[in-house]
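Peer 1: take this sequence and fold it.
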Amino acid sequence: MDFTSSKMWRNAVACFSLVLVVTAVAGADNSSKNTDYLTALEVFKHKEFRAVFARELDNYIWLYPDAANLDEIHLKLATIYQEDKRVDDAFFTQMQILYLYPTSTAAVTALDRVKLTFAAHKKYGRMRTRIEPILTPNVQGLSREMAFNAFLRDMVALQFEVIRNQLVSSCRQYLRAYPNSTLADEVLFWHAELLAEGDKPREALAEYLKLTYLHGSSLYVTSSKLKMAELFTSKLDEHQKAILTFEEFLLEFPDDPQAGQAQYRIGQILEKRKKRYLEALNSYTAVAERYPKSVEAVPALFDAARLYEDKFQEYDQAIRIYTEVVRDFPEDMKAPYAMAEAARIYEKELNDYYNAANVYYKVFGLYPESKIAPRSLFSAAQITEKRLNDSTKAIDYYRLIVDKYPDHKLAKKADKRVVKLSKVMLVR
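Peer 2: You can find the predicted model right below:
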């Protein structure tokens, strides 16, 4: 046969692929015929035959999970990838060998090759400290299913982008091989996450949806529903569907720890995507009312106050919201900032300098260790001096800055104001 003809070559490759199908059907209970086929195929060195050989080795691994020579077959596959400079495929396959055949001589070879990869490729060298702890996985005595799951878990945890495609394929292999596994739900979730990270939102959406239908009692269902809503709005621009999905989540899981997050995201979508500011405002305030213990409660109130100020010019309402933050969440790290925002509105929007100075001073009084305490105290001093014309009280405020925050950059400015104002008062 003249293999220089591309048409004849493709036909030859197709024929060899067909051999596997026929062999698999004829000898589904015995892997020996397939082993013979692989041995025959290995003789051909042409690059297209090598691609076929690699594919057939991979098929064998998953067709015959209990074959005695599986570690050797797996190592042959890794060798082809390495010889063809498919670095990521080689690394991933060698890691599989470490997990699936930990006591095999193939694992010894695979371990040596992975260690060489660190030195030969910078992207792996940078990941060395994260990969080395899993080079000797604790999988001895585990079933193939459990060892495979441990492999997927650790590979996902690496968050190593270059092996994402390989991980996606491996998750699919696991789900095909073990459809009734008690761990199928978490693998399905990992699969969806990887697809979403790989910018395949519709495929990811389908996997999240599958999880909610096939594994309704899974711990991953709540996260999956939130992820679905996020995909609708961030990747697919289907913002109304995202809102409806978040609302369904709140109806189904009102006591879930992530309920506050769902309510907050509804507000953000209404504001930033739908431009429905009043509905967004109501959604933000609902976060603090319904889920006061959620981490989103205070940020949602800040967003509500911002909308009152920027979109409705209802400054009193904005101040009220900031005051609620201090009242209801006095220990929150953003409480002093809420008070400072209220003071800013009094000063800049309402020209109410008396209340502005008082509230700025309260930031210092209630939160003296806050990063903004020196600045707030300085603002109180400036307003008292220049707007309220009360030099005596202004000097007191400036002196507090020098005494309480001597190393702060405003301390020198405050000291200069004390000296200048004191001289002016002496002249008078």
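
Peer 1: please report how far the nearest residue to residue 349 once chain neighbours are set aside lies from residue 324.
Peer 2: Nearest residue to residue 349, sequence neighbours excluded (Cβ to Cβ, 6 or more residues apart in numbering): residue 315, at 4.9 Å. (Glycine included, C-beta is placed from N, CA and C.) Counting by Cβ to Cβ, to the nearest Å, the separation of residue 315 from residue 324 is 15 Å.

Peer 1: same question for residue 230.
Peer 2: 28 Å.

Peer 1: just residue 145 next, same as before
Peer 2: Residue 145 is 53 Å from residue 324, by Cβ to Cβ.

Peer 1: what of residue 222?
Peer 2: 29 Å.

Peer 1: again, but for residue 247
Peer 2: Using Cβ to Cβ, residue 247 is found at 25 Å from residue 324.

Peer 1: between those two, who's got more neighbours?
Peer 2: residue 324 (17 against 14; other Cβ atoms under 10 Å).

Peer 1: how about that one, nearest residue that isn't a chain neighbour?
Peer 2: Closest to residue 324 by Cβ to Cβ, 6+ apart is residue 301, at 6.4 Å.

Peer 1: residue contacts, the one you found?
Peer 2: Taking Cβ atoms under 8 Å, 6 or more residues apart in numbering, we find residue 301 in contact with 284, 285, 287, 288, 321, 322, 324, 325, 338.

Peer 1: at 10 Å instead, please
Peer 2: 284-285, 287-289, 321-322, 324-325, 328-329, 332, 334, 338 (Cβ atoms under 10 Å, 6 or more residues apart in numbering).

Peer 1: can you tell me which of those is nearest residue 59?
Peer 2: Checking the contacts of residue 301 against residue 59 by Cβ to Cβ gives residue 287 as the nearest, at 51.8 Å.

Peer 1: check which helix or strand that closest one maps to.
Peer 2: Using DSSP states H and E, residue 287 maps to helix 277-290.

Peer 1: what number of residues lie near the nearest residue to residue 203 once chain neighbours are set aside?
Peer 2: In space, and not counting its chain neighbours, residue 203 is closest to residue 195: 4.6 Å by Cβ to Cβ, 6+ apart. The number of residues packed near residue 195 is 22, by other Cβ under 10 Å.

Peer 1: same deal with residue 44?
Peer 2: 15.

Peer 1: so what touches stretch 206-223?
Peer 2: 171-172, 175, 179, 184-196, 200, 224-231, 249, 252-253, 256-259, 262.

Peer 1: mind checking which of those residues land in helices?
Peer 2: Secondary structure assignment by DSSP state H places 171-172, 175, 184-196, 224-231, 249, 252, 259, 262 of those in helices.
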